[in-house]
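A.B. asks: sequence and predicted structure are below.
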Amino acid sequence: MALQWMILACVVAVEAAVAALVTLPAPRAVRGQIVALTSLLLQPLATVIPFAAFQLLDIYWKKEHRLMCTSEICTAEERIRFEKSIFKAQRNVILCVSACLLYWCIYRIVKYNKDIKALEETEKRLKEE
C-alpha cells in the first residue's frame, strides 16, 4: 500500500525539479534544449494524471467506508488510529493534487516557451522579407 504513495511522491519530486529547471533563466540555446527534452518527457509523465485520479477515488472510497470513531464508546487507542488515518488521507490528497498541478504547470510553461520560439521565428522571417 505504501509503495504507490512512495512512487507518487517520487514523481512529484521529479516534477518539481523539472518545473524548477524549466523556469530557471538560461541562454536561448540551453533553454531550447531543456524545453525540447521536457516536451519529450511530458507524454510519458501524463500517466501520473489517471494514477493520481485513481488514488483520489481510492481515498474517497475509504473515507466513505471508514469506521467512525466519534462516540464515547471508542477507546483512546482507537481514536488515535482514526485520527492518524485521517491525517494520512489528507497528506495523500495533497500529494495527488500537487502531482496533477505540477504536471499542468510544466505543460503550460513548455507550451509558452514553444509559442515564444515560434513567434520569434515568424518575426525573424518577416524581417527578412
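C.D. replies: Structure's in. What do you need?

A.B. asks: now do the same contact list for the nearest residue to residue 5 once chain neighbours are set aside.
C.D. replies: Leaving aside its sequence neighbours, residue 5 sits nearest to residue 92 (CB to CB, 6 or more residues apart in numbering; 6.0 Å). (C-beta placed from N, C-alpha, C; glycine too.) Shown in contact with residue 92 (CB atoms under 8 Å, 6 or more residues apart in numbering): 5, 55, 59.

A.B. asks: now, of these, which are buried?
C.D. replies: 55, 59 (16 or more other CB atoms under 10 Å).

A.B. asks: could you dump the contacts of residue 92 into JSON lines and include distance to residue 85?
C.D. replies: As requested, these are exported to JSON lines (distance: CB to CB, whole Å):
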{"residue": "5", "distance to residue 85": "13"}
{"residue": "55", "distance to residue 85": "15"}
{"residue": "59", "distance to residue 85": "10"}
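
A.B. asks: relative to residue 107, which of the contacts of residue 92 is nearest.
C.D. replies: Taking CB to CB as the measure, residue 55 is the one of the contacts of residue 92 closest to residue 107, at 19.9 Å.

A.B. asks: and the pLDDT at that closest one?
C.D. replies: Residue 55 is assigned a predicted lDDT (pLDDT) of 90.

A.B. asks: pull out the buried positions in the one helix or strand it maps to.
C.D. replies: In this structure, residue 55 sits in helix 48-64 according to DSSP states H and E. Buried positions in helix 48-64, judged by neighbour count with 16+ other CB under 10 Å: 48, 51-52, 55-56, 59.

A.B. asks: same question for stretch 69-85.
C.D. replies: 69, 82.

A.B. asks: how far off helix 48-64 does the top helix by length along the chain point, in degrees?
C.D. replies: If you go by DSSP state H, the chain has its longest helix at helix 76-128. Relative orientation of helix 76-128 versus helix 48-64 (axes from the mean of the first three to the mean of the last three CA atoms, to 10 degrees): 160 degrees.
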